[in-house]
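Undergrad: for reference, the sequence and a predicted model appear below.
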Number of protein chains: 2
Amino acid sequence: MRIDVKKNILASNNSLAATNRERLEKHGVCMVNLMASPGAGKTSVIMRAIEGAAGDPAMAVIEGDIASEIDSLAIEAMDIPALQINTGGSCHLTAAMIGSALDHLDLEALDLVIIENVGNLVCPAEFDLGETSRVMISSIAEGHDKPYKYPLMFREVEAVLINKVDLAPYCDFDMRQFRKVVGELNPKATIIEMSCTEGQGVEEWNHWLAGTAAPVK
Amino acid sequence: MRIDVKKNILASNNSLAATNRERLEKHGVCMVNLMASPGAGKTSVIMRAIEGAAGDPAMAVIEGDIASEIDSLAIEAMDIPALQINTGGSCHLTAAMIGSALDHLDLEALDLVIIENVGNLVCPAEFDLGETSRVMISSIAEGHDKPYKYPLMFREVEAVLINKVDLAPYCDFDMRQFRKVVGELNPKATIIEMSCTEGQGVEEWNHWLAGTAAPVK
């Protein structure tokens, strides 16, 4: 007998994700699953969203990391509810982890939950968390060949943020080539060029996020 | 009955890694497992090693990616044997994959095999491939907090390359803090600051690699 472990794990996860999704819909809460490599700027992108929203939509953040509470402490310092999930060894968040986190949030008071997934371009793309939409960040410093190497991640998202464009003058990044390959993998994805340090594209990101959160209420 | 899938997978992997290790030792070949986030500069670091060696030690490269042959083609263009492993969905290389790759190399003619693992700071650290030593790269653009977030990877390696130091003037990277935390996690690790584009630290990296490969023969 052959036991397909991966298939069983994903099926069980999908069922818990559906439960999360129903629960959020009941309370009119939108949830965004933000994924990226380590150090692409996930926490900064969330901080710019918090500043842009200024309380509307009402937000909470779920931080996923192997270890440490650095990111949730940074978010809490902005007076936003922040939950830290430490996965131990696991390279991605699961629907079960998110379900437990949602228990600790006052969903009736919220419009939007942003999940910062574990820094990884591979497995997070395979695990549905019950989110309303998926966003990924690719940093200029990582190079323009990432869509070739991690195609599933680029295919699975509604928006691709190209972060750290302020580093473009110092990196060998071919924006045209990057946009071309992303367009082929995922023609419907919104692509936003941004710099969390210098502000470029931040308004566009906030606008996209507000549009995603709005129809839920 | 509880089946510990992960424990079984790792035990089976360790056994195959031991086989790879014996095989390499028999032929006097050293193998380095190079790990990093996507876009930290793994392929560039390998290319600088190939240039530095200039045929001595005699090298081959095993490239691990979810998809694409970009990296192995770049290495082959330097007249070095290069094998591409496409893992499909898997976020790390395994000892079985490396065993199959070694079948295609003329081990008697080689001194050093460099493995470029899948871009991921999590699972590759858990899978022994039968390597002689482990090296990781952390890019300046990823920020100095990575050792807190991915401690196992920083603990498991013999050398940490801090790549893209040419971007330091444009990034908020605290080198002292980074070195302090790496030193606490892994006091024996060699730390090399380098820039593959501007050349800083490349000689030190080549020297380290030659020292690692030398005792095997």
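TA: On my side now, so go ahead. Numbering: from 1, shown residues only, chains lettered A, B, ... in the order given.
Undergrad: where do the strands sit along chain A?
TA: Ranges of strands within chain A are A:30-36, A:59-65, A:82-86, A:112-116, A:133-139, A:159-163, A:190-193, based on DSSP state E.
Undergrad: would the third one count as contacting chain B?
TA: So the one you mean is strand A:82-86. No: Strand A:82-86 stays clear of chain B (C-beta under 8 Å from any C-beta of the partner chain), getting no nearer than 9.8 Å. Yep, even glycine has a C-beta here, placed from its N, CA and C like the rest.
Undergrad: give me the helices and strands touching that strand, please.
TA: With contacts taken as 3 or more C-beta pairs under 8 Å, 6 or more residues apart in numbering or on different chains; DSSP states H and E, strand A:82-86 sits against strand A:59-65, helix A:70-76, helix A:95-102.
Undergrad: ok, now how distant is the residue most central in space within chain A from chain B?
TA: With distances taken as C-alpha atoms, centre = their mean, the residue of chain A nearest its centroid is A:Leu34 (0.4 Å). Relative to chain B, A:Leu34 is positioned 15 Å away (C-beta to the nearest C-beta, to the nearest Å).
Undergrad: list the contacts of A:Val160.
TA: A:135-138, A:154, A:182, A:186, A:189-192 (C-beta atoms under 8 Å, 6 or more residues apart in numbering or on different chains).
Undergrad: need these in a markdown table (columns: pLDDT).
TA: Formatted as a markdown table, the contacts of A:Val160 follow (pLDDT from 0 to 100):
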| residue | pLDDT |
| --- | --- |
| A:Val135 | 98 |
| A:Met136 | 98 |
| A:Ile137 | 98 |
| A:Ser138 | 98 |
| A:Phe154 | 98 |
| A:Val182 | 98 |
| A:Asn186 | 98 |
| A:Ala189 | 98 |
| A:Thr190 | 98 |
| A:Ile191 | 98 |
| A:Ile192 | 98 |
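Undergrad: which of those residues are buried?
TA: With burial judged by 16 or more other C-beta atoms under 10 Å in any protein chain shown, the buried subset of these is A:135-138, A:154, A:182, A:186, A:189-192.
Undergrad: what is the nearest of the contacts of A:Val160 to chain B?
TA: The closest of these to chain B turns out to be A:Ser138 (C-beta to the nearest C-beta; 8.3 Å).
Undergrad: the closest one and A:Gly41 touch, don't they?
TA: No: here A:Ser138 lies out of contact with A:Gly41, judged by C-beta atoms under 8 Å, at a distance of 9.8 Å.
Undergrad: about what we covered before: could you dump the contacts of A:Val160 into JSON lines with distance to A:Ser68 added?
TA: Output for those, formatted as JSON lines (distance: C-beta to C-beta, whole Å):
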{"residue": "A:Val135", "distance to A:Ser68": "22"}
{"residue": "A:Met136", "distance to A:Ser68": "22"}
{"residue": "A:Ile137", "distance to A:Ser68": "19"}
{"residue": "A:Ser138", "distance to A:Ser68": "23"}
{"residue": "A:Phe154", "distance to A:Ser68": "27"}
{"residue": "A:Val182", "distance to A:Ser68": "31"}
{"residue": "A:Asn186", "distance to A:Ser68": "32"}
{"residue": "A:Ala189", "distance to A:Ser68": "30"}
{"residue": "A:Thr190", "distance to A:Ser68": "31"}
{"residue": "A:Ile191", "distance to A:Ser68": "31"}
{"residue": "A:Ile192", "distance to A:Ser68": "28"}
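Undergrad: closest to B:Gly64 out of those?
TA: A:Phe154 (18.9 Å; C-beta to C-beta).
Undergrad: brilliant, that's me finished.
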